[in-house]
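Chemist: please work out how this folds:
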Amino acid sequence: DVQLQASGGGLVQAGGSLRLSCAVSGLTFGNSVIAWFRQAPGKEREGIACIVSDNDDTVYSDSVKGRFTIASDNAKNTVYLQMNSLKSEDTAVYYCAAKMVGDSEYNYWGQGTLVTVSS
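Modeler: Here you go, the predicted structure:
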């Protein structure tokens, strides 16, 4: 049974930082892609970062490139999203998701954690 547990959200002032964590269980971590998505009120869900667990290749959306960093601790089966220089437009519910390498869709999703950036 694959489970993803996202945590670390909260309230932060603009310009501040937060680190989100995604604990993954029940998945062969070394053969997977873990991603962070977010959904702001009234907006569509947006993929913002992903990492390939076995080689640490990463991809970022333009909206977070240079400010957010995704990293994987394979020993802990945990993926982190370090968010710096936060802006009010980063306010959203953040979700982590997982798929096996080669799959087209993210089949496994966490429950979401709310990030609120005050201006």
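Chemist: check this protein and tell me which residue is nearest its centre.
Modeler: With distances taken as C-alpha atoms, centre = their mean, Trp36 lies nearest the centre of the chain, 2.6 Å away.
Chemist: tell me which element that one falls in.
Modeler: Element membership for Trp36, per DSSP states H and E: strand 32-39.
Chemist: figure out how far that strand is from the centre of its chain.
Modeler: 5 Å (C-alpha atoms, centre = their mean, to the nearest Å).
Chemist: mind giving me the packing neighbours of it?
Modeler: For strand 32-39, the packing partners by 3 or more C-beta pairs under 8 Å, 6 or more residues apart in numbering; DSSP states H and E come out as strand 18-25, strand 46-52, strand 68-73, strand 78-83, strand 92-100. Heads up, the C-betas are built off the backbone N, CA and C, glycines and all.
Chemist: these into a markdown table, with extra columns for distance to Ser118 and mean pLDDT?
Modeler: Below are the helices and strands packed on strand 32-39 laid out as a markdown table (distance: least, C-beta to C-beta, whole Å; pLDDT from 0 to 100):
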| stretch | distance to Ser118 | mean pLDDT |
| --- | --- | --- |
| strand 18-25 | 12 | 96 |
| strand 46-52 | 20 | 97 |
| strand 68-73 | 18 | 96 |
| strand 78-83 | 14 | 97 |
| strand 92-100 | 14 | 97 |
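Chemist: distance to Tyr108 added to these, as a markdown table?
Modeler: Below are the helices and strands packed on strand 32-39 laid out as a markdown table (distance: least, C-beta to C-beta, whole Å):
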| stretch | distance to Tyr108 |
| --- | --- |
| strand 18-25 | 8 |
| strand 46-52 | 13 |
| strand 68-73 | 15 |
| strand 78-83 | 12 |
| strand 92-100 | 4 |
